[in-house]
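Q: Structure for the following, please:
(2 chains)
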Amino acid sequence: GAVVSQHPSWVICKSGTSVKIECRSLDFQATTMFWYRQFPKQSLMLMATSNEGSKATYEQGVEKDKFLINHASLTLSTLTVTSAHPEDSSFYICSARVLGTAGVGELFFGEGSRLTVL
Amino acid sequence: GQNIDQPTEMTATEGAIVQINCTYQTSGFNGLFWYQQHAGEAPTFLSYNVLDGLEEKGRFSSFLSRSKGYSYLLLKELQMKDSASYLCAVRPRPIDDKIIFGKGTRLHILP
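A: Residues are numbered from 1 along each chain as shown, chains lettered A, B, ... in the order given. As a prediction, this is how the structure comes out:
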């Protein structure tokens, strides 16, 4: 299957600082990537759809000025949590889809990034 | 709105069979996915249904009834490593759009 790599895996930061998380598609190009957030024992909540070369599409209730998404190339999307607070502590996971005759459009996920804000 | 329901937790015995149900009410339907997620890890793709019927893949099978908005994941010959969360997800719109996840079912396997 396709490989999606996410970095960093773990990050601890002080309240008020900003944190950047990278998501890369290693062996395919992804015009669209999806960012999810997952709280303990909860399911994946879609935050936004990242579109290469254009603005991200945010889900209702997600602050676009707080969660900045940049998709500057066909293999890289970044999520920046600005002015992080303890309530932003969560597991952030990116995913991408491989389109083509061999696939059904399933999502391939990165390893996830666990953010802890002190 | 979009709504995907599945049981929160289930318990089964090693070697047995378990069925995890999922019902959905979404604005559209263009495919249903099942993912497995071990604690602290990213989800991995298990199965996909877009037409009614049963799809079998080794020990895992998935069934879909579009008219009933219903799917199930069937796991046979359960192994301890099958202890995980199982996520039902629906793609409401065509292939280039987002996938919505249910809250997941935590499956506990007893020896």
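
Q: drop to CA atoms for contacts and neighbour counts, all remaining ones
A: OK.

Q: contacting residues around B:Lys98?
A: B:Lys98 makes contact with A:34, A:49, B:91-92, according to Cα atoms under 8 Å, 6 or more residues apart in numbering or on different chains.

Q: for these, which one is nearest B:Gly1?
A: B:Pro92 (10.7 Å; Cα to Cα).

Q: can you pull the contacts of the closest one?
A: B:26-31, B:98-100.

Q: How about A:Val4?
A: A:23-26, A:95-96, A:108-111.

Q: Could you list which of those residues also contact chain B?
A: A:108-111 (Cα under 8 Å from any Cα of the partner chain).

Q: confidence score at B:Asp52?
A: At B:Asp52, the model reports a pLDDT of 97.

Q: and what of the one 5 residues further on?
A: On pLDDT, B:Lys57 comes in at 90.

Q: And stretch A:68-80, how far out from the chain middle?
A: Chain-centre distance of stretch A:68-80: 8 Å, with Cα atoms, centre = their mean, to the nearest Å.

Q: Distance from the chain centre to stretch B:30-49, please.
A: 7 Å.

Q: Report whether it contacts chain A.
A: Yes: shown here: stretch B:30-49 in contact with chain A (Cα under 8 Å from any Cα) through B:33, B:41-45, B:48.

Q: ok so, going back, out of the contacts of B:Pro92, which one has the lowest pLDDT?
A: For the contacts of B:Pro92, the pLDDT minimum is B:Lys98, 85.

Q: Make sure that residue is indeed in a helix.
A: No: under DSSP: H, G, I helix; E, B strand; the rest coil, B:Lys98 falls outside any helix and is assigned coil.

Q: still on that earlier bit, now rank the contacts of B:Lys98 by neighbours and give me the top one.
A: Among the contacts of B:Lys98, the one with the most neighbours (other Cα atoms under 10 Å in any protein chain shown) is A:Phe34, at 25 neighbours.

Q: what about the residue of chain B found nearest chain A, which SS state?
A: The nearest approach of chain B to chain A comes at B:Lys103, 4.3 Å away (Cα to the nearest Cα). On the three-state scheme (three-state DSSP), B:Lys103 is labelled coil.

Q: How about the contacts made by it?
A: A:42-44, B:4-6, B:8, B:87-88.

Q: ok, now with 10 Å
A: Counting by Cα atoms under 10 Å, 6 or more residues apart in numbering or on different chains, B:Lys103 touches A:41-45, B:3-8, B:85-89.

Q: do the same with B:Thr44
A: Applying Cα under 10 Å, 6+ apart, the residues contacting B:Thr44 are A:106-110, B:34-38, B:86-87.

Q: in which helix or strand would I find the closest residue to B:Ser61 other than its chain neighbours?
A: Spatial nearest neighbour of B:Ser61, chain neighbours left out: B:Leu74 (5.0 Å); criterion: Cα to Cα, 6 or more residues apart in numbering or on different chains. Per DSSP states H and E: B:Leu74 is located in strand B:70-75.

Q: thinking again about what came up before, out of the contacts of B:Lys103, which sit inside strands?
A: A:45, B:3-5, B:85-89 (DSSP state E).

Q: Give me the buried entries from the residues of stretch B:30-49 next to chain A.
A: Buried residues within these, counting neighbours by 16 or more other Cα atoms under 10 Å in any protein chain shown: B:33, B:42-45, B:48.

Q: That'll do, ta.
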